[in-house]
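Undergrad: Model the following, please.
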Amino acid sequence: MARIFCIPGIIFLLCALVLSILVTISLPFLPALDFVRVHFGSGVATTGQGMTELRFGIWAPCTYDNEGTRSCLKASVAYLVSISNEAKTANVVIGSSWTRGLAVHPVATAVTFIAFLLSFSTHHMVTLAASLVSFLAALLTLIAFAIDIALFAFVHHEIKKLPDVNGKTTTSAAFWMTFVTFILLLLAGCTVCFGRRRDRMSGAAAYPMSSTSRPSFLSRFRRNKI
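TA: Presented below is the predicted three-dimensional model:
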């Protein structure tokens, strides 16, 4: 692959891989990397104990109380969260069907890692595979981002159902890191693809042109000398 395209492609994939790995670790292992947060003001909601903030990660949700103490559920592929108002007259449940899809993030990370390894090769077929795998990783990341949006919309809708609870639902760091990862993977796939095409065009131009000249139109009417 042309070096001018090779290096940026590797850099894009490296950045995408680092972001994707961080997102995959998520809660409860990295407290700052969650997808959706709910900040509670008046009418503090409860999940068995008072809390001021609720965070949703890939592996577990975490709650924070007035003193900033963090409490997380046991890490698992899918989890559910039950939320009620302070008077416990209303209750909403964020079921496991809405958090199970977050497991697409680790799958996208694994595919991104494969694309990153393939991007170091200069063989035409391997670079084509690197481009295709990059686009596959971008597709999986887009699916994961769509799941994140669905989770945010559902949590926002359910929190509004609770009476006397002033809850504000917002997106968080991992949510936007996923979007940036998607953009980087698209750029990486296009860069690798354009680099391969440029190599093919330069290879075609390297073939020598035929030196045989075609006879002119007027030469057909000239009489041959005896």
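
Undergrad: what about the longest helix anywhere in the chain, average pLDDT?
TA: The residue-count maximum for a helix in the chain (DSSP state H) belongs to helix 124-159. When pLDDT is averaged over helix 124-159, the result is 93.

Undergrad: Okay, buried residues for the helix or strand just after it please.
TA: Following the chain from helix 124-159 toward its C-terminal end, the next helix or strand by DSSP states H and E is strand 167-171. Residues 167, 169, 171 are the ones in strand 167-171 that count as buried (16 or more other C-beta atoms under 10 Å). Quick note: C-beta positions are derived from backbone N, CA and C, even for glycine.

Undergrad: do stretch 103-118 as well
TA: By neighbour count, and taking 16+ other C-beta under 10 Å as the criterion, the buried residues in stretch 103-118 are 104-106, 108-109, 111-113, 115-116, 118.

Undergrad: Next, format the buried residues of strand 167-171 as a markdown table and append pLDDT and distance to residue 68.
TA: Listed next are the buried residues of strand 167-171 as a markdown table, based on pLDDT from 0 to 100; distance: C-beta to C-beta, whole Å:
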| residue | pLDDT | distance to residue 68 |
| --- | --- | --- |
| 167 | 87 | 18 |
| 169 | 95 | 20 |
| 171 | 96 | 21 |
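
Undergrad: which stretches of the protein have low pLDDT?
TA: Counting by pLDDT under 70, the chain contains low-confidence residues at 1-6, 42-50, 192-226.

Undergrad: which residue ranges form the strands in it?
TA: For the chain, applying DSSP state E gives strands covering 36-40, 53-56, 61-64, 70-72, 81-84, 91-94, 167-171.

Undergrad: tell me, what residue is most central in the chain?
TA: Computing the C-alpha centroid of the chain and ranking residues by C-alpha atoms, centre = their mean puts residue 141 first, at 3.3 Å.

Undergrad: Now that that residue has come up, it's in contact with residue 20, right?
TA: Yes: counting by C-beta atoms under 8 Å, residue 141 does reach residue 20; the two are 7.3 Å apart.

Undergrad: Overlap in contacts, these two.
TA: Residues touching both residue 141 and residue 20 (C-beta atoms under 8 Å, 6 or more residues apart in numbering) are 108, 112, 181.
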